[in-house]
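[1] below are the sequence and a predicted model for it; my questions follow.
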Amino acid sequence: MSNQPDLLILKMQEGSEMAFSRVYERYNEALRGIIFAVVKDDAVAEEVLQDVFMKIWNNSSSYDVKQGRFFTWALNISRNAAIDHLRSKAHKNNLKNLSRDYFVNIPEDATDEMEVQTDSLGIMKWVNKLKPTCIKIIDLIFFKGFTFKDGAAELNIPEGTLKTRHRKCVNELRNVMGE
């Protein structure tokens, strides 16, 4: 494993716009896929992605290579920004103006969208190696943007239990990805 990405991140943290541009080129598609998986709208995903990269640039000094991978740090910023957008007043007001057709339930066996989104990130091959319980938890919390409270209600388990299982599943995913 090369330290080149770490050097690139270090240069960005030092204020190099060229390094930031390379970071954008390297990560924008994957981060956009994560955002889209939550917001389900191309234009909104693009808007949130721009906000995410502004946060990455403005907060790059808060990233510490000793705490984990840069991609994981950026991915969490992306996911949180997408969820924040869904919780925003502007988004809720926008939903009020949509027709009833927008809210048609997707059949439970329609997993293609998740598979396409995660395949484009190269994550699905690892997620599919997990236990079915972990796949469901990662889908709910990570890809669908559920809060732990909402996820616990969906799975009909206590919130604390979901948090513990989620942590174990994420660790299991890390192990699978590291193989």
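    Received it, and whenever you're ready, just let me know what you need. Note that the structure is predicted; figures quoted are calculated from it, not measured.
[2] quick one: the helices in this structure, in order.
    For the chain, helices defined by DSSP state H occupy the ranges 4-13, 17-39, 42-58, 70-87, 89-96, 112-121, 124-127, 132-138, 148-155, 159-178.
[3] ok, residues contacting the third one?
    Contacting residues not belonging to helix 42-58 are listed as 12, 20, 23-24, 28, 31-32, 35-36, 39, 74, 77-78, 81-82, 85 [Cβ atoms under 8 Å, 6 or more residues apart in numbering]. For every residue, glycine as well, the C-beta is placed using N, CA and C.
[4] could you turn the buried ones of these into a ChimeraX selection?
    Those of the contacts of helix 42-58 that count as buried under 16 or more other Cβ atoms under 10 Å are selected in ChimeraX with:
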select :12,20,23,28,31,32,35,36,39,74,77,78,81,82,85
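[5] which pair in the contacts of helix 42-58 has the greatest spatial separation?
    Farthest-apart pair in the contacts of helix 42-58 is 12 and 39; separation 25.7 Å (Cβ to Cβ).
[6] so what's the closest residue to residue 31 other than its chain neighbours up against?
    Leaving out its chain neighbours, the residue that sits closest to residue 31 by Cβ to Cβ, 6 or more residues apart in numbering is residue 78, at 4.4 Å. Residue 78 is in contact with 31, 34, 35, 48, 49, 52, counting by Cβ under 8 Å, 6+ apart.
[7] what distance do you get for residue 78 to residue 136?
    Computed as Cβ to Cβ, to the nearest Å, the residue 78 to residue 136 distance reads 22 Å.
[8] re earlier: quick one: which of the contacts of residue 78 is nearest residue 143?
    Lowest distance from residue 143 to those (Cβ to Cβ) belongs to residue 34, with 8.1 Å.
[9] distance-wise, check residue 64 relative to residue 175.
    Residue 64 is 22 Å from residue 175, by Cβ to Cβ.
[10] pLDDT wise, what is the closest residue to residue 19 other than its chain neighbours at?
    Excluding its sequence neighbours, the residue lying closest to residue 19 (Cβ to Cβ, 6+ apart) is residue 11, at 3.6 Å. pLDDT for residue 11: 94.
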